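# Please work out how this folds:
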Amino acid sequence: VLGKNCRMLQGVGTEQAIVNEIIRAVREHTSLQVVVTNYRKDGSRFRHSLSLHPLFSSTGECEMMLSLSDDADAADADRLRELALLRSLVPRRLP
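Numbering: from 1, shown residues only. Alright, predicted model coming up:
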(Lines give C-alpha, C1' and ligand atoms only; values in the text may rest on other atoms or scores of the structure.)
Protein backbone atom coordinates (compact mmCIF):
# COMPACT_ATOMS: atom_id res chain seq x y z
CA VAL A 1 0.00 0.00 0.00
CA LEU A 2 1.85 3.01 -1.30
CA GLY A 3 2.45 5.71 1.29
CA LYS A 4 0.62 3.91 4.10
CA ASN A 5 1.74 1.89 7.09
CA CYS A 6 0.57 -1.68 7.51
CA ARG A 7 -1.21 -1.22 10.83
CA MET A 8 -4.49 -2.26 9.22
CA LEU A 9 -3.03 -5.77 8.79
CA GLN A 10 -2.45 -6.30 12.51
CA GLY A 11 -4.71 -8.51 14.61
CA VAL A 12 -4.90 -10.63 17.74
CA GLY A 13 -1.96 -12.88 16.78
CA THR A 14 0.37 -10.11 15.59
CA GLU A 15 3.60 -10.26 17.59
CA GLN A 16 3.95 -6.95 19.46
CA ALA A 17 7.71 -7.41 19.89
CA ILE A 18 8.12 -7.55 16.10
CA VAL A 19 5.85 -4.51 15.67
CA ASN A 20 8.11 -2.69 18.14
CA GLU A 21 11.17 -3.67 16.05
CA ILE A 22 9.48 -2.25 12.94
CA ILE A 23 8.65 1.00 14.73
CA ARG A 24 12.23 1.29 16.02
CA ALA A 25 13.69 0.67 12.53
CA VAL A 26 11.50 3.42 11.03
CA ARG A 27 12.34 5.89 13.79
CA GLU A 28 16.07 5.12 13.72
CA HIS A 29 16.29 4.80 9.91
CA THR A 30 17.77 1.29 10.02
CA SER A 31 17.26 -1.73 7.78
CA LEU A 32 15.14 -4.60 9.03
CA GLN A 33 13.90 -7.95 7.82
CA VAL A 34 11.17 -9.77 9.78
CA VAL A 35 8.30 -12.20 9.43
CA VAL A 36 5.20 -11.11 11.34
CA THR A 37 1.71 -12.57 11.69
CA ASN A 38 -0.87 -10.37 9.98
CA TYR A 39 -4.44 -10.65 8.71
CA ARG A 40 -6.05 -10.17 5.33
CA LYS A 41 -9.18 -8.10 4.78
CA ASP A 42 -11.28 -11.29 5.06
CA GLY A 43 -9.76 -12.02 8.49
CA SER A 44 -7.56 -14.92 7.38
CA ARG A 45 -4.14 -15.08 8.97
CA PHE A 46 -0.83 -15.06 7.05
CA ARG A 47 2.86 -14.69 7.75
CA HIS A 48 4.03 -11.39 6.30
CA SER A 49 7.66 -11.23 5.21
CA LEU A 50 8.68 -7.58 5.48
CA SER A 51 11.95 -5.81 4.86
CA LEU A 52 12.56 -2.10 5.42
CA HIS A 53 15.32 -0.12 3.74
CA PRO A 54 16.11 3.52 4.54
CA LEU A 55 17.13 5.60 1.53
CA PHE A 56 19.45 8.49 2.32
CA SER A 57 20.13 11.69 0.41
CA SER A 58 23.65 12.73 -0.56
CA THR A 59 23.68 14.84 2.62
CA GLY A 60 22.96 11.78 4.77
CA GLU A 61 19.33 12.54 5.57
CA CYS A 62 16.79 9.73 5.39
CA GLU A 63 14.51 10.69 2.50
CA MET A 64 12.19 7.67 2.64
CA MET A 65 11.79 4.11 3.82
CA LEU A 66 11.35 1.49 1.11
CA SER A 67 9.53 -1.66 2.13
CA LEU A 68 9.38 -4.98 0.34
CA SER A 69 6.74 -7.43 1.48
CA ASP A 70 5.43 -10.84 0.58
CA ASP A 71 3.23 -13.62 1.90
CA ALA A 72 5.87 -15.81 3.58
CA ASP A 73 3.52 -18.81 3.54
CA ALA A 74 3.14 -18.67 -0.25
CA ALA A 75 6.78 -18.04 -1.11
CA ASP A 76 8.62 -20.86 -2.83
CA ALA A 77 12.40 -21.13 -3.32
CA ASP A 78 12.35 -19.17 -6.60
CA ARG A 79 10.33 -16.35 -5.08
CA LEU A 80 12.63 -16.19 -2.06
CA ARG A 81 15.65 -15.88 -4.38
CA GLU A 82 13.90 -13.09 -6.29
CA LEU A 83 13.17 -11.19 -3.08
CA ALA A 84 16.78 -11.62 -1.93
CA LEU A 85 17.94 -10.22 -5.29
CA LEU A 86 15.58 -7.24 -4.96
CA ARG A 87 16.88 -6.54 -1.46
CA SER A 88 20.46 -6.63 -2.72
CA LEU A 89 19.62 -4.02 -5.38
CA VAL A 90 18.19 -1.46 -2.96
CA PRO A 91 20.60 1.49 -2.86
CA ARG A 92 21.65 3.02 0.46
CA ARG A 93 21.90 6.51 -1.03
CA LEU A 94 19.78 8.33 -3.56
CA PRO A 95 21.56 9.95 -6.51
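
# Quick check: which element contains S49?
Assigned by DSSP states H and E, S49 falls within strand 45-56.

# What average pLDDT does the next helix or strand after that strand get?
Using DSSP H and E, the helix or strand that follows strand 45-56 in sequence is strand 62-71. Across strand 62-71, pLDDT averages out at 88.

# residues in contact with the following helix or strand past strand 62-71?
Using DSSP H and E, the helix or strand that follows strand 62-71 in sequence is helix 77-89. Applying Cβ atoms under 8 Å, 6 or more residues apart in numbering, the contact partners of helix 77-89 are 33, 49, 51, 53, 68, 70, 75. C-betas here are computed from N, CA, C, even on glycine.

# Is there a quick PyMOL command that grabs whichever of those residues are buried?
Buried residues among the contacts of helix 77-89 (16 or more other Cβ atoms under 10 Å), as a PyMOL selection:
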select buried, resi 49+51+53+70
